[in-house]
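>>> Pasted the sequence and its predicted model underneath.
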Amino acid sequence: MTDERQAAEREATASTRETGFPAGFHWGAATAAYQIEGAVRADGRGESIWDRFSHTPGAIVDGSTGDDACDSYHRLDHDLDLLARLGLTAYRFSIAWPRIFPTGRGPLNEAGLAYYARLIDGLLARGIAPFATLYHWDLPQALEDRGGWLNRDTAGFFADFAAALGRRLGDRIAHWITLNEPHIVAYEGYLYGQKAPGKRDAALLAPVSHHLLLAHGRAVQALRAETPAATQIGLALNLTAIESATDRAEDVEAAALLDGLWHRWYLDPLYRASYPDDVQRALPLPPDLVRAGDLETIAGQTDFLGVNYYTRARVKAGVGPRPRILPPAGRRCTMGWEIYPDGLEPILRRLRSDYQPARLYITENGVPVADTLTASGEVHDDARIEYLREHLQAARAAIAAGVPLAGYFVWSLLDNFEWQLGYTQRFGLAYTDYATQRRIPKDSARFYAALAATNGATLDTSRDDLTPPSV
């Protein structure tokens, strides 16, 4: 071990002992392109499936679209300055595939690439590490017209997209996330029809999931070929605290099956190069879907796993093989999800014991609150502060138990377009006044800024005793 590495490990150990978080822990916030950028027709951007879906009558609860969203495309410097004022050390954003390749493939759109180059350079100039997500659900509509994620060729087009970005931006991005929440893409996009592309067919789950995972594996290979050796590559999975509602054997089995469908269906291929046998009985793989070499490609080494955590599911046996999810218990947020911080630490510990990822990041965690702007221009979101505190306390406990957790990203930096729920939910550290596009830091922004400034030392400090940074 080199002297430099020994010194770094001593520093990390001392920091962890002092604050509960290791030195170099990333304090970040996360966003997604379609939810904040707006400017959907600017500079040669092509149509995405979310442009098409959001303009479908009845698809979005408030009838809105992401055409304008937070207009971050035109307010980039302002949003970069907001990140800097908060003192954040990392920013997770996504790169809109249709801005780079308007039809998903073919000639690269230099104007679209230039926007992300400005974003990355602006982050680095402010001392903020870029975490770039390649796919946060905005598939080019032209590829959907060719079959979308049901078409195996889409995985290859995605690898080409990853290679182009690695070649042009890889010297400045040290952390890449290939996919965001393939489970949500498959279930809400292809089974329930709640998200783009709005299909409703259980037979689509297996092929869509497999092609997404194959796209991840091929993108990892493409990025490895185009980026420096020290580049870190992973993906982000949404993981839920799944619990059996009773000790009855049939309920325990139902919870295990749901865990398989939602979690192991993605984790096992990534870390074990196989699909779980029990889930294949409930969700059979179509003949010839998995080809020679696919699972080895999917299980090609990733450097980290991103965890998006929000809630719990209590499960009982249903009629037939399908598990039954009970209504939420306890505290709920404005979206109806149960607020359940006690579920986070067990998930992180389970990942460490069962899959041994080299590094973990909490790539999304946050809560929608019925925020209101006071007459004096403030937002007092005590419920969000308590949510963040409780979940970060759980994260700290996981670190103490040996989980290699290296960062935490609040969802989200800004109130934004919340997919099929439009502008009815507010997740942001900053309040977005959509009429003026003004960003107003909430009390939670100041709370989180204090954590970033002290590497988590203020986590247990009561609000009365906390002197938050001015943001």
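Okay, I see it. Residues are numbered from 1 along each chain as shown.
>>> who's in contact with residue 453?
By Cβ atoms under 8 Å, 6 or more residues apart in numbering, the contact set of residue 453 is 87, 469. Any C-beta I mention is one placed from the backbone N, CA and C, and that applies to glycine too.
>>> Just the pLDDT for it.
Looking at residue 453, its pLDDT is 98.
>>> what do you get for residue 17?
pLDDT recorded at residue 17 is 78.
>>> since we're on it, how many residues are nearby?
If you count neighbours by other Cβ atoms under 10 Å, residue 17 ends up with 10.
>>> i'd like the first residue to be 24 from this point on
Sure, I'll start counting at 24 from here, so that last one is residue 40.
>>> Can you tell me how far it is from residue 422?
Computed as Cβ to Cβ, to the nearest Å, the residue 40 to residue 422 distance reads 11 Å.
>>> Which parts of the stretch 324-473 of the chain are helices?
For the stretch 324-473 of the chain, the helices defined by DSSP state H, counting those that start in this stretch occupy 367-378, 405-423, 466-477.
>>> mind putting these in TSV, distance to residue 149 included?
Listed next are the helices of the stretch 324-473 of the chain as TSV, based on distance: least, Cβ to Cβ, whole Å:
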stretch	distance to residue 149
helix 367-378	29
helix 405-423	22
helix 466-477	13
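>>> Which stretch among those helices is buried most, on average?
Highest mean neighbour count of those: helix 466-477, a mean of 22 (counted as mean count of other Cβ atoms under 10 Å).
>>> what sits against residue 55?
By Cβ under 8 Å, 6+ apart, the residues touching residue 55 are 116, 117, 156, 159, 160, 203, 439.
>>> which of the residues you listed are buried?
116, 117, 156, 159, 160, 203, 439 (16 or more other Cβ atoms under 10 Å).
>>> Between the contacts of residue 55, which sits nearest residue 337?
Nearest to residue 337 among those is residue 203, at 25.6 Å by Cβ to Cβ.
>>> Once you drop chain neighbours, what's closest to the closest one?
Leaving out its chain neighbours, the residue that sits closest to residue 203 by Cβ to Cβ, 6 or more residues apart in numbering is residue 159, at 4.4 Å.
>>> Also residue 444?
Among residues not flanking residue 444 along the chain, residue 84 sits closest, at 5.5 Å (Cβ to Cβ, 6+ apart).
>>> Double-check that that neighbour belongs to a strand.
No. Counting by DSSP: H, G, I helix; E, B strand; the rest coil, residue 84 is not part of a strand but coil.
>>> That one: neighbour count?
Residue 84 is flanked by 14 other residues according to other Cβ under 10 Å.
>>> how much space between it and residue 162?
Between residue 84 and residue 162 the distance is 22 Å, computed by Cβ to Cβ.
>>> How about residue 285?
Between residue 285 and residue 162 the distance is 22 Å, computed by Cβ to Cβ.
>>> what do you get for residue 360?
In this view, residue 360 and residue 162 are 26 Å apart by Cβ to Cβ.
>>> Residue 294 too?
Applying Cβ to Cβ, the value for residue 294 to residue 162 is 26 Å.
>>> Of these two, which one has the most company?
Ranked by neighbour count (other Cβ under 10 Å), residue 294 and residue 162 place residue 162 first, with 23 against 19.
>>> who's in contact with the residue lying closest to residue 290 once chain neighbours are set aside?
Nearest residue to residue 290, sequence neighbours excluded (Cβ to Cβ, 6+ apart): residue 378, at 5.8 Å. Counting by Cβ under 8 Å, 6+ apart, residue 378 makes contact with 290, 293, 294, 328.
>>> other SSEs contacting the lengthiest helix in the chain?
The single longest helix within the chain, with elements called by DSSP state H, is helix 228-249. If contacts are counted by 3 or more Cβ pairs under 8 Å, 6 or more residues apart in numbering; DSSP states H and E, helix 228-249 sits against helix 176-192, strand 198-203, helix 205-209, strand 255-267, helix 288-295, helix 317-321.
>>> residues in contact with the nearest residue to residue 198 once chain neighbours are set aside?
In space, and not counting its chain neighbours, residue 198 is closest to residue 154: 4.5 Å by Cβ to Cβ, 6+ apart. For residue 154, the contact set (Cβ under 8 Å, 6+ apart) comprises 49, 51, 53, 113-116, 198-200, 384, 386, 432.
>>> Kindly indicate whether residue 154 is helix, strand or coil.
strand.
>>> That one and residue 328: what is the separation?
Using Cβ to Cβ, residue 154 is found at 13 Å from residue 328.
>>> Of the helices and strands packed on helix 228-249, which stretch is the most buried?
The highest average neighbour count among the helices and strands packed on helix 228-249, using mean count of other Cβ under 10 Å, belongs to strand 198-203 at a mean of 26.
>>> What is the burial count for the nearest residue to residue 107 once chain neighbours are set aside?
The shortest distance from residue 107 to any non-neighbouring residue, by Cβ to Cβ, 6+ apart, is to residue 149 (4.3 Å). Neighbourhood size, residue 149 [other Cβ under 10 Å]: 15.
>>> if I pick residue 149, what's in contact with it?
103, 104, 106, 107.
>>> which of the residues you listed count as buried?
Using 16+ other Cβ under 10 Å as the burial test, the contacts of residue 149 include 103, 106, 107 as buried.
>>> closest to residue 346 among these?
Checking these against residue 346 with Cβ to Cβ, the nearest one is residue 106 at 40.5 Å.
>>> what's the distance between that closest one and residue 218?
From residue 106 across to residue 218, the span is 27 Å (Cβ to Cβ).
>>> Repeat that for residue 230.
Between residue 230 and residue 218 the computed distance is 17 Å (Cβ to Cβ).
>>> Kindly report the same for residue 231.
12 Å.
>>> likewise residue 391?
Residue 391 sits 17 Å away from residue 218, going by Cβ to Cβ.
>>> Which one's more surrounded, the two?
A count of neighbours by other Cβ under 10 Å puts residue 391 above the other of residue 391 and residue 218, at 24 against 20.
>>> The more buried one contacts residue 357, correct?
Yes. Using Cβ atoms under 8 Å, residue 391 and residue 357 qualify as a contacting pair, with a distance of 4.7 Å.
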